[in-house]
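Asker: dropping the sequence and predicted coords here.
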Amino acid sequence: MQFDHLIRREFITLLGGAVATWPFAARGQQPAMPVVGFVNAGSSVASWSNAFRKGLNETGYVEGQNVAVEYHWLEGQFDRLPSLMADLVRRQVAVIATPLGNYASQAAKAATTTIPIVFGVGEDPVKLGLVASLARPGGNATGVNVLVNELLAKRLGLLHDLVPKAVRIAVLHNPANLPSAETALQDITEGARALGLQISILNASNSREVEAAFANLVRDRADALFVDADIFFTTQAAQIATLAAHYRIPAAYTNHAYAEVGGLMSYGPDYSETCRQVGIYTGQILKGGKPADMPVQQVTKIELVINQRLLATCARFSPVRRPFPRLIQRESRAYPSSIRKREIPRRGGHRVIPEKPLCGLPTGSQDLSVWIVLPRGDETQ
C-alpha cells in the first residue's frame, strides 16, 4: 500500500514536470528570427539607420520583433570589407544590405552568389558587375542606383556658376574607396577640362588626413573645394563643412547633410530616402521576393541646396537675396520638374527653409528640390 502510494506520487511529479516543459519545447521549435547584415563603410549616421528601419516597417518587419539587424559601420576602413562579408556569409544571414556603398556592394557580391544582397550604389550597377540589367537583375542582388557619380560633372559646373572667378579647384578625394575612386577622378578631370578649370587632388582616408588636406588647400591657395562622392566623407560632413567655413573656402558637396551642418552648397540625391528604399526591398525579400526578379530602382529626385548665410559671410562672395535664379532655371530644364517645397528639421542650430519655385515646369521622371539654409533666427531674410 505504501509502495503503491510512492509510485503514484513519483508518477504525478514526473507528469507535472513534463507538462511544465511543453511550452518551452514548443517555443524552441519556432523558426529563428531572420538576421540582416547592414554594412556601410562610413561612420554611423542615425538618420540612415532610422530610414532603413522605416523601410522594413513598411513591409511589416519590426527590428527586434520579427527581424534582427546587425549594423556594421567601418569608419572608412574599406580593407575590412572582404573579411566582414566572409563572416556574414559563413553565418548565413538572411540578407546583406549595403546602402550607399559601391565597394561594399561589390565585396558582398564577391563573397556570395546565394545570399540576397540589396545595394545602394552611385554608379551603374551593371558596370559594377552587380546585376545583368536594371530591369531584370538576374542574380542574387538588386537595389537602388543613386546616380552620384553621374552627377559629378554637373555639380562641378554648379560650383563654377556659384564662384565664376574660381579657377584653381581642390578636389578632396579618398583613394581607399576603390574602384569608385578611379572612376570619379576621371569624371571630375574631364568635367574640369571642359570648363577650363585647374584641379589639384587632396587625398584623405581618415579624419586626421582630412585636416591635413585643408592645410595643404590653404597653402596652395585654392579658389574653391570640390568634395568627391565618397561615403566616408559624407559621414564626416560636420568636420569637412566646419573646416571649409573656417578657412572661408567655397565648397560643393554631394548631399544636403553638409548644408545642414554649415556647408555652402550640395547637389545630389537624398541618402536617407535611398536607405528607406533599401529597407523596403530587404523586407520584400524576407517575405519571399527574389532579387533576380526585382528591378533596380533609380532615384527620382535631385536636390540643390544653397546655404545663403554662409554665402553672404564668405569674403570672396557677393551676397544675394535669391540664389542664382538663372542657375536654378537651367537645372530645372535639365531635370524637367515642378520644384517642390520640403521641410527639414533643425539640426546643429540651423533651420532649413525651402526656396519658392522660380519657374513652373511640367513634372517629369525626376524632381529638383531647391531650398536655402539659414541659421536659426534668420528666417525673415
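Answerer: Yep, that arrived. Treat the numbers as computed from the prediction; the structure is a model and nothing was measured.
Asker: run a quick neighbour tally on residue 204.
Answerer: Neighbour count of residue 204, defined by other C-beta atoms under 10 Å: 25. (C-beta placed from N, C-alpha, C; glycine too.)
Asker: now do the end-to-end distance for stretch 285-305.
Answerer: Using C-alpha to C-alpha, to the nearest Å, the end-to-end distance of stretch 285-305 comes to 34 Å.
Asker: in the stretch 251-381 of the chain, which segments are predicted with low confidence?
Answerer: Applying pLDDT under 70 to the stretch 251-381 of the chain flags residues 308-381.
Asker: mind doing that once more with 90?
Answerer: 254-270, 298-381 (pLDDT under 90).
Asker: show me the helices in the stretch 201-350 of the chain, by range?
Answerer: Along the stretch 201-350 of the chain, the stretches classed as helices by DSSP state H, counting those that start in this stretch are 207-219, 231-235, 237-246, 256-260, 271-286, 308-313, 325-334.
Asker: buried stuff in the longest one?
Answerer: When neighbours are counted by 16 or more other C-beta atoms under 10 Å, the buried residues of helix 271-286 are found to be 271-286.
Asker: nearest to residue 124 among the residues you listed?
Answerer: Comparing the buried residues of helix 271-286 against residue 124 with C-beta to C-beta places residue 274 closest, at 15.5 Å.
Asker: SS state for the closest residue to that closest one other than its chain neighbours?
Answerer: Excluding its sequence neighbours, the residue lying closest to residue 274 (C-beta to C-beta, 6 or more residues apart in numbering) is residue 120, at 4.7 Å. Three-state assignment for residue 120 (DSSP: H, G, I helix; E, B strand; the rest coil): strand.
Asker: got the confidence number for the closest residue to residue 278 other than its chain neighbours?
Answerer: Using C-beta to C-beta, 6+ apart and skipping residues adjacent in sequence, the residue nearest residue 278 is residue 99, 4.2 Å away. We have a pLDDT of 94 for residue 99.
Asker: list the contacts for residue 271?
Answerer: 48, 99, 100, 146, 234, 255, 257 (C-beta atoms under 8 Å, 6 or more residues apart in numbering).
Asker: likewise for residue 56?
Answerer: 62, 63, 67, 69, 279, 280, 282, 283.
Asker: which SS class is the residue lying closest to residue 72 once chain neighbours are set aside?
Answerer: Closest residue in space to residue 72, ignoring its immediate chain neighbours: residue 39 at 4.7 Å, by C-beta to C-beta, 6+ apart. Look at residue 39: counting by three-state DSSP, its state is strand.
Asker: repeat for the one 10 residues further on
Answerer: Local secondary structure at residue 49 is given as helix here, using three-state DSSP.
Asker: and the residue nearest to it when sequence neighbours are not counted, how far from residue 38?
Answerer: The spatially closest residue to residue 49, leaving aside those adjacent along the chain, is residue 71, at 6.1 Å (C-beta to C-beta, 6+ apart). Distance of residue 71 to residue 38, computed by C-beta to C-beta, to the nearest Å: 5 Å.
Asker: out of those two, which sits in the more crowded spot?
Answerer: residue 38 (24 against 14).
Asker: local confidence estimate at that one?
Answerer: Listed pLDDT for residue 38 reads 98.
Asker: wait, isn't it in contact with residue 74?
Answerer: No. Between residue 38 and residue 74 there is no contact under C-beta atoms under 8 Å: 11.5 Å.
Asker: picking that back up, can you tell me how far the residue nearest to residue 72 is from residue 254?
Answerer: From residue 39 to residue 254 the distance is 20 Å (C-beta to C-beta).
Asker: go on, residue 214?
Answerer: Counting by C-beta to C-beta, the gap from residue 214 to residue 254 is 18 Å.
Asker: just want to know which of these two has more residues nearby.
Answerer: Using other C-beta under 10 Å, the more surrounded residue of residue 214 and residue 254 is residue 254, with 27 against 23.
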